[in-house]
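> Only the shape, not the letters, is given here:
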């Protein structure tokens, strides 16, 4: 399966994975391609359900079980570094519905 991944800076790139790939596989591939720490990646699937794909499902969940299909569009966010910071991030959908508190 080939998915489009968009970083909030507007950079768009593609990742090719097997149909049996997991969330962890996708994170590792993104990390390798973009030289990013895969353990800090937050993935948000842009489909009819619009949801995070790595929080409730766990990194071992298959992408297909998380609703990711060939051609899916995924937005990439980052967890802040583990530096004791008390900053928290809240993301909203375009219709201003709260979708997560990181």
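Cool, the structure landed. Quantities reported herein were computed from a predicted structural model and do not represent experimental measurements.
> Tell me if I am right that residue 27 is in a helix.
Yes. Under DSSP: H, G, I helix; E, B strand; the rest coil, residue 27 sits within a helix.
> Looks like it contacts residue 58 (just checking).
No. Assessed by CB atoms under 8 Å, residue 27 is found out of contact with residue 58, at 11.7 Å. Just so you know, the C-beta spots here come from the backbone N, C-alpha and C atoms, and that holds for glycine as well.
> out of these two, which sits in the busier spot?
residue 27 (21 against 11; other CB atoms under 10 Å).
> ok now do the more buried one, which residues does it touch?
Neighbouring residues of residue 27 by CB atoms under 8 Å, 6 or more residues apart in numbering: 38, 39, 41, 43, 54, 59.
> Widest-spaced pair of those?
Spanning the widest gap among the contacts of residue 27 are 39 and 43, at 12.6 Å by CB to CB.
> Let me see the contact set for the residue nearest the centre of the chain.
For the chain, the residue lying nearest the average C-alpha position, counting by CA atoms, centre = their mean, turns out to be residue 43 (1.1 Å). Counting by CB under 8 Å, 6+ apart, residue 43 touches 23, 26, 27, 52, 53, 54, 74, 75, 76, 77.
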